[in-house]
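1. Below is the sequence, then the predicted model.
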Amino acid sequence: MIANKAIYLTLAEFYILLAQRKFLGLVIFEEIKKYTPNVQDIAQGMFSLTEKGILIAAEDKCYHMSQYIKTVLDILEEAKSTFVVNGCLSCIPMQCLYFGREKCLLLQMDDFRDGIIRIELTDRPGAINGFLDCEFMPDADILRFESEESDVMDGIELAEEYLDRTNTDLLYDEAVLMIVERYLVNSSVPDKRAIVFSAEGNYFLAVATDEEKHVGMFGTEAFFNLFLE
């Protein structure tokens, strides 16, 4: 069993680990994609990975990876898509979420330390509930959905506007709480985009795919369904 705890790696350390497998077509942070280490970076990375117990020296003069990191790399190989999550007024960093067969992986660039990656293994409910537990998100368990038809219509009109705006613009709108995008493997354009927003005391979830757009009142079940692959 893999504990639900986060570890922190430098770009060099993560680069060394990623080099052990072939990962094709996944969306990942620009800092990771553009990183090119030098010889000294690799040497320091190897040393620190052994110090952290992530690479384990073996009798055959090779290194074995810890089970935690094996699971991280397995998920990146198994993932069919990347879910990119951005939070209200940029108060939480962008996160990338990948689903494997049994566990899921959350990646996040550390907000306070340049070049540091936060890596967390969890399960699907744990990851999604983590987003719902953000302090700015509505408490779906106590929301009242007895809204007037005019309130719903207002939400539909706003949804059309929000879905046409860029993420950069939306994340500075105090009515926008969260943006979730799904990128299929080998695609740089999301095939699904969802926006959680508030209007006149009500909370809405607007979802756009290649085929359709939909807006409804925010709820836990609808939010969980965003992360179906």
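-> Yep, that arrived.

2. which stretches of the chain have low pLDDT?
-> Within the chain, the ranges that satisfy pLDDT under 70 run 1-4, 61, 89-91, 140-154, 229.

3. so who does the residue minimising distance to the centre of it touch?
-> The chain has Cys96 as the residue nearest its centroid, 2.6 Å off, counting by C-alpha atoms, centre = their mean. Cys96 makes contacts with Val27, Ile28, Phe29, Thr82, Phe83, Val84, Val85, Leu106, Leu107, Gln108, as judged by C-beta atoms under 8 Å, 6 or more residues apart in numbering. (Each C-beta comes from the backbone N, C-alpha and C, glycine too.)

4. and if you look at Phe223?
-> Ile128, Phe131, Leu132, Ala140, Val196, Leu205.

5. This protein: helices as residue ranges?
-> 11-18, 30-33, 39-51, 67-78, 124-132, 149-163, 167-170, 220-225 (DSSP state H).

6. Would you enumerate the residues in contact with Val180?
-> Applying C-beta under 8 Å, 6+ apart, the residues near Val180 are Phe83, Val84, Val85, Lys192, Arg193, Ala194, Val196, Leu226, Phe227.

7. ok, it to Arg124 distance?
-> Distance, Val180 to Arg124, using C-beta to C-beta, to the nearest Å: 14 Å.

8. swap in Gln108?
-> 17 Å.

9. and these two? which has more neighbours close in?
-> Shown here are Gln108 and Arg124; by other C-beta atoms under 10 Å, Gln108 has more neighbours (20 against 16).

10. Just give the nearest non-adjacent residue to Leu9, would you?
-> Ile117 (5.2 Å; C-beta to C-beta, 6 or more residues apart in numbering).

11. Tell me which residues touch the one you found, please.
-> Per C-beta under 8 Å, 6+ apart, neighbours of Ile117: Tyr8, Leu9, Thr10, Leu11, Phe14, Phe29, Ile32, Leu107, Gln108, Met109, Asp110.

12. what would those look like in CSV with distance to Phe218?
-> Putting the contacts of Ile117 into CSV (distance: C-beta to C-beta, whole Å) gives the following:
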residue, distance to Phe218
Tyr8, 33
Leu9, 35
Thr10, 38
Leu11, 36
Phe14, 35
Phe29, 28
Ile32, 32
Leu107, 26
Gln108, 24
Met109, 28
Asp110, 29
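
13. May I ask which of these has the most neighbours?
-> Phe14 (25 neighbours).

14. Which strand residues bridge the closest residue to that one other than its chain neighbours?
-> Of all residues not flanking Phe14 in the chain, Ile117 sits nearest, at 5.3 Å (C-beta to C-beta, 6+ apart). Beta-bridge partners for Ile117, by DSSP bridges, are Leu9, Met109.
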